[in-house]
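Peer 1: can't give you the sequence, but here's the structure:
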């Protein structure tokens, strides 16, 4: 078994903003269309900007799947 670490600060901020203000649901609620993971993927990009700020094509290499699951992305 391999230990996995990732920064939680951005995830906590995103969860708190969504819980208190519903920001992501209000702004991106009608945009996703048939895509069910649209808002969680927006959260992944916001988390990226708050933490490592890597290029979009490097997000999958930088963050473990557990971090994305915390933001609501399903496999």
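Peer 2: Great, that's in hand. Keep in mind the model is a prediction, meaning the values are calculated, not measured.
Peer 1: Give the helix, strand or coil label for residue 54.
Peer 2: Put simply, residue 54 is coil when judged by DSSP: H, G, I helix; E, B strand; the rest coil.
Peer 1: ok, and the closest non-adjacent residue to it?
Peer 2: residue 62 (4.9 Å; CB to CB, 6 or more residues apart in numbering). (C-beta placed from N, C-alpha, C; glycine too.)
Peer 1: That neighbour: neighbour count?
Peer 2: Per other CB atoms under 10 Å, the neighbour tally for residue 62 reads 14.
Peer 1: for the one 5 residues further on, same thing?
Peer 2: Residue 67 has 22 neighbours, counted by other CB under 10 Å.
Peer 1: Tell me who's in contact with it.
Peer 2: Taking CB atoms under 8 Å, 6 or more residues apart in numbering, we find residue 67 in contact with 6, 11, 47.
Peer 1: now with 7 Å?
Peer 2: The contact partners of residue 67, by CB atoms under 7 Å, 6 or more residues apart in numbering, come to 6, 11.
Peer 1: Does it lie in a helix or a strand, and which?
Peer 2: Per DSSP states H and E, residue 67 falls inside helix 65-70.
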